[in-house]
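[1] Here's my sequence, what's the structure:
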Amino acid sequence: MDPALQDMDFAHILQLEAEDQQRLRQGGCPTSCDTCNQITGNLFRCRTCFWPRIICRSCTLARHAEQPLHRIEGVPDFKGTTLAMMGLVVFLGHGGAKCPQGVRDADFTILGLDGAHDVILDFCGCDQAPTRGEQLEAMRLHGWRSAHAALDFEMARYREDLGLIQRKPEKKRTRKDSKRR
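    This next block holds a predicted model:
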């Protein structure tokens, strides 16, 4: 490893972040979106993305349609907001497309290792739709304590490792099942 990088500790990283915020507050803030170049007063930055570009609301929502648990902040005020507050709806079923019979849950919380995330879910409401629990499991979420809460996959795995969640016993295969394969 490069010796210069070995010396970069967390305190230095925090200092660089503070300097970046100070620069943006003192007029170094862009007025247009890094993605679409639209000039707007409402710009955002994702604290979770690897490349934290400063982008408009539309680009933020498009970029995070499949990342609804990322942390978003306004620029240059750095006030936190959520993708749900910005209008992002996560569609379950139909491969991520909107269900014509969708059932909206605008008060849903997903707990992850990095905290709680408020999200808006649109469950598939078709006649042959899987249950809500099955729709959550398909998205790697584990229903938890309420019809309006779930654990993300990593949090569920962590709780299972601690013995706080019991894994469902696997069904025993019969000869009939193995012949079908």
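
[2] Only C-alpha atoms from now on, for both contacts and neighbour counts.
    OK.

[3] Residue 112 reaches residue 152, doesn't it?
    Yes - Residue 112 lies in contact with residue 152 (Cα atoms under 8 Å); the separation is 5.3 Å.

[4] who's more crowded, those two?
    For residue 112 versus residue 152, neighbours defined as other Cα atoms under 10 Å are more numerous around residue 152 (23 against 18).

[5] what bridges to that one?
    Following DSSP bridges, residue 152 is listed with bridge partners residue 141.

[6] residues in contact with it?
    Contacts here follow Cα atoms under 8 Å, 6 or more residues apart in numbering; on that basis residue 152 touches 110-112, 140-142.

[7] And these, which of them are buried?
    110-112, 141-142 (16 or more other Cα atoms under 10 Å).

[8] tell me which of those residues is nearest to residue 14?
    Nearest to residue 14 among these is residue 112, at 23.1 Å by Cα to Cα.

[9] tell me the pLDDT at the closest one?
    pLDDT, residue 112: 89.

[10] how far away is it from residue 133?
    Using Cα to Cα, to the nearest Å, we find residue 112 at a distance of 17 Å from residue 133.

[11] how close does residue 77 get to residue 41?
    When residue 77 is compared with residue 41 (using Cα to Cα), they lie 12 Å apart.

[12] typo on my end, residue 128
    Distance, residue 128 to residue 41, by Cα to Cα: 45 Å.

[13] And this protein, what are its domain boundaries?
    6-87, 88-168 (automatic domain parsing).

[14] average pLDDT for the longest one?
    This means domain 6-87. 82.

[15] before we move on, back to that, which two from the buried ones among the contacts of residue 152 end up farthest apart in space?
    112 and 142 (10.8 Å).

[16] anything in contact with each of those two?
    With Cα under 8 Å, 6+ apart as the test, residue 112 and residue 142 both reach 151-153.

[17] Chain neighbours aside, what residue packs nearest to residue 140?
    residue 153 (5.3 Å; Cα to Cα, 6 or more residues apart in numbering).

[18] Tell me if I am right that residue 44 is in a strand.
    Yes - the assignment for residue 44 is a strand, going by DSSP: H, G, I helix; E, B strand; the rest coil.

[19] quick one on the thing from earlier: would you mind telling me which of residue 128 and residue 41 has the busier surroundings?
    Set residue 128 next to residue 41 and count neighbours by other Cα under 10 Å: residue 41 wins out with 13 against 7.
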